[in-house]
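*Asks:* Could you look at this predicted model? Sequence included:
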Amino acid sequence: MTKFLLATLLFVVPAGAGAQTVPLWGKFEKTFVVQSDAAPETEFSVEFRSPSGKPHGVLGFWDGGKTWRVRFMPDEPGTWTYQSRSRPALVGLDGQTGEFACRRGEGRGPFVQHGAVRVAGNGCYLEHADGTPFFWLGDTVWYGAILSHKDDWNTYLDDRLAKKFTVVHFNVVAPRNGVAADENGEISFTSMDPIRLNPRFYQRLDERVDAVTAHGLLAAIVLTWGLRPVDS
């Protein structure tokens, strides 16, 4: 029996955040380079500690070759610290430490100004992290991010912003439903057993998601893929 997994993820990852100073509710990104051969399936995570001492564990991800990355949205102003861990412990991935400053009021866009989107306490509407209401208005451009040229994508986003849309909803997996690959001929996965991501496919999609958030829109991303049949 073929099993399908469907997950809808809301990404609020404003582009352009610096490596050392990050806006409150902006994006901190750190690159880690392993010093030896490592399987893409290597377990890698980073623990961030807020200025008030609260820990936040975040999974990192393989981004091709010997490169791993982590992305994190700080929700407190002040100095944050972090420490990485990998299993097995690998030089370049495990035990890396650092810090960055988070400042309120730096950066533009509704998500940097008001924070991520969540369900309000009464369960009746959506709001930002600071309590500002968020009205979900969008449509589905299912394979737009996968198939579009960068200029075409920006034209679409300009149009939706001008029409007061707040959300862009799209799929980020190919091949699927007759769409064989992205505009560069890249597919989502290079193998199915085990499932292994194709970094080039998602590196290109990173640019499309960054463009969405740069326009002040919410990227509502759907991951959908089929797994091979398994014996019952």
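*Replies:* Great, that's in hand. Numbering: from 1, shown residues only.

*Asks:* what's in contact with stretch 54-69?
*Replies:* 29-35, 37-38, 40-42, 44-50, 70-72, 76, 84, 92-93, 197, 199-200, 203 (C-beta atoms under 8 Å, 6 or more residues apart in numbering). No exception for glycine: its C-beta is placed from N, CA and C like everyone else's.

*Asks:* quick one: which of the residues you listed sit in strands?
*Replies:* Taking DSSP state E, the ones among these that sit in strands are 29-33, 44-49, 70-72, 84, 197.

*Asks:* Pick out the most distant pair among those residues.
*Replies:* The largest separation in those, counting by C-beta to C-beta, is between Arg49 and Leu197 at 28.7 Å.

*Asks:* quick check: longest helix of this structure.
*Replies:* Secondary structure of the chain per DSSP state H: the longest helix is helix 199-214.

*Asks:* on that earlier part again, buried among the contacts of stretch 54-69? Make that a PyMOL selection.
*Replies:* Remark: buried members of the contacts of stretch 54-69, expressed as a PyMOL selection using 16 or more other C-beta atoms under 10 Å:
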select buried, resi 30+32+34+38+40+42+44+46+48+50+70+71+72+84+92+93+197+199+200
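
*Asks:* Okay, helices next: where are they in the protein?
*Replies:* 110-114, 144-147, 150-162, 199-214.

*Asks:* What are the buried residues along the shortest one?
*Replies:* Of the residues in helix 144-147, those scored as buried under the neighbour-count criterion (16+ other C-beta under 10 Å) are Gly144, Ala145, Ile146.
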